[in-house]
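1. coords below, sequence missing:
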């Protein structure tokens, strides 16, 4: 039987897109922008390739689970208070969204004391003039934050068939972004004023690892128990298969 690697492809699509977009925009607005040469344009075909690959992946039919219509209906009738795992996941996503908004305000130079203290005492790498951390936090703010709010909606109400695919894309994007962000913040070649202070190292690691965990748990939830997200017409496919 041929294996379906569509889900893995969507995860890697998000990872590669995040890496490419942060790299390109960071080079354009960061301190290295005066050193760019025409060879920088060679990165554009790479973006076109990712766009083509993403379109192909989304056009492929998704493998629907073999579930009876009764099982799907039973799962989708459960109110939120009868789904404690989803309730906990929604709480995690709300905290993730709040942290996303806060760090977005930090890189936008919010004058609040909490933003100033966070930039200088907890994550000074956000001030690095290379531009990559600022671009990454703005992508989080303008793209990840709306998705997190939509994902909360998709966990509260049944039938959001778009959520499993997009959860994989954003899980890959956040995994890549957080790995790069942690590595850059701790790397010895990062200028000393922008390195993470030793006294907040563990809280920095914990907050960023937990931040990456939310989208991964969401993708895992969609993969492990997909009945809640099936559209109304999908159970008919399972019924036809059952009587073959």
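-> Sure, I can see it. These figures come from a predicted structure and were not determined experimentally. Numbers count the residues shown, from 1 in each chain.
2. from here on, just use CA atoms for contacts and neighbour counts.
-> OK.
3. please report how far the spatially most central residue of the chain lies from residue 197.
-> Ranked by distance to the mean C-alpha position of the chain (CA atoms, centre = their mean), the top residue is residue 170 at 3.0 Å. Separation of residue 170 from residue 197 (CA to CA, to the nearest Å): 29 Å.
4. how about residue 195, what does it touch?
-> Residue 195 makes contact with 123-125, 185-187 under the criterion CA atoms under 8 Å, 6 or more residues apart in numbering.
5. just the buried residues of those.
-> Buried by 16 or more other CA atoms under 10 Å: 123-125, 185-186, out of those.
6. can you add secondary structure and give the residues you listed back as TSV?
-> Below are these laid out as TSV (DSSP: H, G, I helix; E, B strand; the rest coil):
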residue	secondary structure
123	coil
124	helix
125	helix
185	helix
186	helix
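7. which neighbouring elements make contact with the helix or strand encompassing residue 85?
-> Using DSSP states H and E, residue 85 maps to helix 84-107. Under the contact criterion of 3 or more CA pairs under 8 Å, 6 or more residues apart in numbering; DSSP states H and E, helix 84-107 touches helix 113-117, helix 132-139, helix 145-156, helix 201-224.
8. what sits up against it?
-> So helix 84-107 is contacted by 80-81, 115-116, 118-119, 126-127, 134, 137-138, 140-141, 144-145, 148-149, 152, 155-156, 211, 214-215, 217-218 (CA under 8 Å, 6+ apart).
9. what's the answer for stretch 182-193, then?
-> 123-125, 194-196, 205, 208.
10. stretch 216-229 now?
-> If you take CA under 8 Å, 6+ apart as the criterion, stretch 216-229 is touched by 65, 67, 71-72, 75-76, 89, 154, 158-164, 167-168, 171, 175.
11. the same query, at a cut-off of 7 Å, please.
-> With contact meaning CA atoms under 7 Å, 6 or more residues apart in numbering, stretch 216-229 is reached by 72, 75-76, 158-161, 164, 167-168, 171.
12. where does the protein have low pLDDT?
-> The model of the chain has pLDDT under 70 over residues 1-3, 232-244.
13. returning to that earlier point: nearest to residue 5, out of the helices and strands packed on helix 84-107?
-> helix 201-224 (13.0 Å; CA to CA).
14. buried set for the closest one?
-> Those would be 204, 208, 211-223, for helix 201-224 by 16+ other CA under 10 Å.
15. just to revisit the earlier point, report the separation between the nearest residue to the residue nearest to the centre of the chain once chain neighbours are set aside and residue 21.
-> Setting aside the residues directly before and after it, residue 170 is nearest to residue 14 in space (CA to CA, 6 or more residues apart in numbering), at 5.8 Å. Per CA to CA, residue 14 is found 11 Å from residue 21.
16. who's more crowded, those two?
-> residue 14 (25 against 16; other CA atoms under 10 Å).
17. touching, that one and residue 166? I think so.
-> No - applying CA atoms under 7 Å, one finds residue 14 not in contact with residue 166, separated by 9.0 Å.
18. circling back: which of the buried ones among the contacts of residue 195 lies closest to residue 53?
-> Nearest to residue 53 among these, with distances taken as CA to CA, is residue 185, at 31.1 Å.
19. distance of that closest one relative to residue 16?
-> For residue 185, the distance to residue 16 - CA to CA - is 20 Å.
20. just residue 174 next, same as before
-> The spacing between residue 174 and residue 16, counted by CA to CA, is 11 Å.
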